[in-house]
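Colleague: Generate a structure from the sequence data that follows.
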Amino acid sequence: MNSDKIKQGIARTPHRGLLYAAGVSKKNINSPFIGIASSFSDLVPGHIGMRDLERQIEKGIHSGGGQAFVFGVPAVCDGIAMGHSGMQYSLPSRDLIADCVETVAAAHQLDGLVLLSNCDKITPGMLIAALRLNIPTIIVTAGPMLDGVCQHQKLTMIKGSFEAVGQYRAGIIDEQKLHELEENSCPSAGACQGLYTANTMACLTEVMGMSLPQCATASAVSALKRRIAFDSGLQIVELVKNNIKPSDIITRDSLRNAIICDLAMGGSTNSFLHILAIANAGNINVDLNDFEELSNKIKQIVKLDPSAAPTMTDLHNAGGISAVLKTLYGKIKELKNTTGVIQISMEDLIKNTWVDTELIHSPENPVTTKPGLGILYGNIASEGCVTKISGIDEKCYEFEGIAKPYDSEEAAMEALENDEIKAGDVIVIRYEGPKGGPGMREMLAPTSLLVGKGLGTTAALITDGRFSGGTRGICIGHICPEAADGGAIALIEKGDKIKIDINKRTLDLLVDDKTLAERKAKLKPFIPKHKSGYLAKYARSVKDASHGAIV
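Modeller: Have a look, this model is predicted:
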């Protein structure tokens, strides 16, 4: 075992003395040492219930014959960080989390890990760490929160708060109604209710085989989630005994399975960044071309909030991820270790799985013939950009509008709040990419305000930043090259025409090449916004979005 390096032999007497000081018994000193990397935080609603789950995992580890050690990692709530400078830290926190898990596990020579995660950047950060360390690992995602209800109206965090702000600004609801919605939109612990980034990554983690069946969709406050946590603790000891590592489970085929399910479900556009970063961590040959190839083959079979009314609760009741896998059986690659952490075949997993076909459609009868996500190219995005097709009304698949460029999210928000954006406009938010932001902020506040004001089908928004999984409307993100790198998005001027064509997967600035070359020659070099601290280091080392914004 790895841990023998810190507990075997005369030379390790000081190490054993310190381990006894930590409470390890003589009986357990030779047991597998299992770390529980917990992202518990009183600040993050998706994580406030993790103390109980830590206890369940710990019980499982000790019942299985292991010795558990809990340690903490950072967690950022994207919803709370949204719309101000705090969001600059969200994406960079992914790599910080990976570094934290790697550091603690490697420094103490742990034999295995249970990674307790939930919200947006924590799960991919932990998956990156798992592949770097390549010791037996299971992920427990803490689960979605309960649906909100206000006067018999079903609510989610997005519709009950962010979009409600737009409705209030537009005079659709009054201040009293706004407060009623905000108080009832998030009624419990857990990740926000729709197929946003947190729940998208939980689903893809289960598809890859890094968490137990039903883990992605089981409610954060359910008894089932507690049992899954306990069983994960039991199972990690078996993985250590059999030396089953993340590299045995996360492969090119399992990542492509995750992409297929992502496209079929219409998940968060952030999954593009995270899957590419996970592939890089495992030295796995998956890139943007895999998304493009598969997006031309996969139709959307599930449509959840924010693009429709059903939530993660409804997906769980419809059969969960096992039902999605059963429905896509034949489309996805059958792997011996598809559900790697429990070592059973996909066929055995789905044999007795029930599928609610009203929510989970068959590939022959899809929700739409389009995939849930898509990659666009054009003279604005020569290296690609992404959109959540499932969140766009089909009558808007071809959209041509007038550019209104802004060099920050704050400037665009001010324009929206002052009613400067009208039908037929294309809001351009730039210098918000991985390097320019820095940190590639999510644009949930402006996109929600756009929808809330009734402009979701008549105005568009494009950015070199990114979007929350809760975004809907004509929104294009991850534009590469970004403005800070002199990308064409930096050359757009007020009044230019921009054409978006979802069917052809194109995004173009309708300005001739000569004019663009003249503008390029006059473009001033980008001056970094931060001179010191974590964000300055991040901006110096981060790659572009088409490479997963890896550092």
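Colleague: where in the chain is pLDDT low?
Modeller: For the chain, applying pLDDT under 70 flags the ranges 335-344.
Colleague: Check it for its longest helix and report it.
Modeller: As assigned by DSSP state H, the longest helix anywhere in the chain is helix 223-242.
Colleague: got the CA coordinates for the following helix or strand past that one in CSV?
Modeller: Per DSSP states H and E, helix 223-242 leads on to helix 246-249 as the next helix or strand towards the C-terminus. Provided in CSV are the C-alpha atoms of helix 246-249 (Å, rounded to 0.1, in the frame of the first residue of the first chain):
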residue,chain,number,x,y,z
PRO,A,246,-9.2,6.2,-12.1
SER,A,247,-7.1,5.5,-15.2
ASP,A,248,-8.9,2.1,-15.4
ILE,A,249,-12.3,3.9,-15.4
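Colleague: how distant is helix 246-249 from the center of its chain?
Modeller: Between the centre of helix 246-249 and the centre of its host chain there is 20 Å, according to CA atoms, centre = their mean, to the nearest Å.
Colleague: tell me which residues in that helix are buried?
Modeller: For helix 246-249, the neighbour count (16 or more other CB atoms under 10 Å) marks 246, 248-249 as buried. In short, each C-beta sits where N, CA and C put it, glycine included.
Colleague: tell me what that helix is packed against?
Modeller: Packing partners of helix 246-249 (3 or more CB pairs under 8 Å, 6 or more residues apart in numbering; DSSP states H and E): helix 122-133.
Colleague: Could you check the biggest strand by length in the chain and say which residues are buried?
Modeller: As assigned by DSSP state E, the longest strand anywhere in the chain is strand 398-406. By 16+ other CB under 10 Å, the buried positions in strand 398-406 come out as 399, 401, 403-406.
Colleague: Reformat those as CSV; add distance to Pro74.
Modeller: Below are the buried residues of strand 398-406 laid out as CSV (distance: CB to CB, whole Å):
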residue, distance to Pro74
Phe399, 39
Gly401, 40
Ala403, 38
Lys404, 36
Pro405, 34
Tyr406, 30
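Colleague: Show me what the longest strand of the chain packs onto, helices and strands only.
Modeller: Contact here means 3+ CB pairs under 8 Å, 6+ apart; on that basis strand 398-406 packs against helix 409-417, strand 425-429, strand 497-501.
Colleague: Try it again at 6 Å.
Modeller: On a contact count with 3 or more CB pairs under 6 Å, 6 or more residues apart in numbering; DSSP states H and E, strand 398-406 meets strand 425-429, strand 497-501.
Colleague: Just the CA trace of the following helix or strand past the first one, in PDB.
Modeller: Sequence-wise, the next helix or strand downstream of strand 425-429 (DSSP H and E) is helix 444-452. C-alpha atoms of helix 444-452 as PDB (Å, rounded to 0.1, in the frame of the first residue of the first chain):
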ATOM      1  CA  LEU A 444     -25.900  34.400 -15.700                       C
ATOM      2  CA  ALA A 445     -27.000  37.900 -14.500                       C
ATOM      3  CA  PRO A 446     -27.200  39.500 -18.000                       C
ATOM      4  CA  THR A 447     -28.700  36.400 -19.700                       C
ATOM      5  CA  SER A 448     -31.300  36.100 -17.000                       C
ATOM      6  CA  LEU A 449     -32.100  39.800 -17.100                       C
ATOM      7  CA  LEU A 450     -32.500  39.500 -20.900                       C
ATOM      8  CA  VAL A 451     -34.900  36.600 -20.500                       C
ATOM      9  CA  GLY A 452     -36.700  38.200 -17.600                       C
END
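Colleague: Thr311 touches Asp147, doesn't it?
Modeller: Yes: using CB atoms under 6 Å, Thr311 is in contact with Asp147, at 5.3 Å.
Colleague: For those two, work out which one has more neighbours and name it.
Modeller: Higher neighbour count among Thr311 and Asp147: Thr311, with 25 against 22, using other CB atoms under 10 Å.
Colleague: Just give me the residue right at the centre of the protein.
Modeller: For the chain, the residue nearest the mean C-alpha position is Thr197 (3.3 Å; CA atoms, centre = their mean).
Colleague: I figured it hits Asn270, correct?
Modeller: Yes: contact criterion CB under 6 Å: Thr197 and Asn270 qualify, at 4.4 Å.
Colleague: What's the end-to-end length of stretch 112-124?
Modeller: The first and last residues of stretch 112-124 sit 18 Å apart, counting by CA to CA, to the nearest Å.
Colleague: Start at 57, not 1
Modeller: In the new numbering, first residue 57, that becomes stretch 168-180.
Colleague: Could you pull out the buried residues of that stretch?
Modeller: Of the residues in stretch 168-180, 168-180 count as buried by neighbour count, 16+ other CB under 10 Å.
Colleague: can you count the residues close to the residue lying closest to Ala516 once chain neighbours are set aside?
Modeller: Once flanking residues are discounted, Ala516 sits nearest to Ile530: 3.8 Å by CB to CB, 6 or more residues apart in numbering. Counted with other CB under 10 Å, residues neighbouring Ile530 total 26.
Colleague: How about Pro243?
Modeller: As a burial measure, Pro243 scores 17 neighbours (other CB under 10 Å).
Colleague: Secondary structure class of it, three-state.
Modeller: When classified by DSSP: H, G, I helix; E, B strand; the rest coil, Pro243 comes out as coil.
Colleague: show me what contacts it?
Modeller: The contact partners of Pro243, by CB atoms under 6 Å, 6 or more residues apart in numbering, come to 202, 204.
Colleague: before we move on, what about the one 3 residues further on?
Modeller: The neighbourhood of Gly246, defined by CB under 6 Å, 6+ apart, consists of 102, 199-201, 276.
Colleague: nearest to Leu147, of those residues?
Modeller: Leu147 has its nearest neighbour among those in Gly102, at 16.8 Å by CB to CB.
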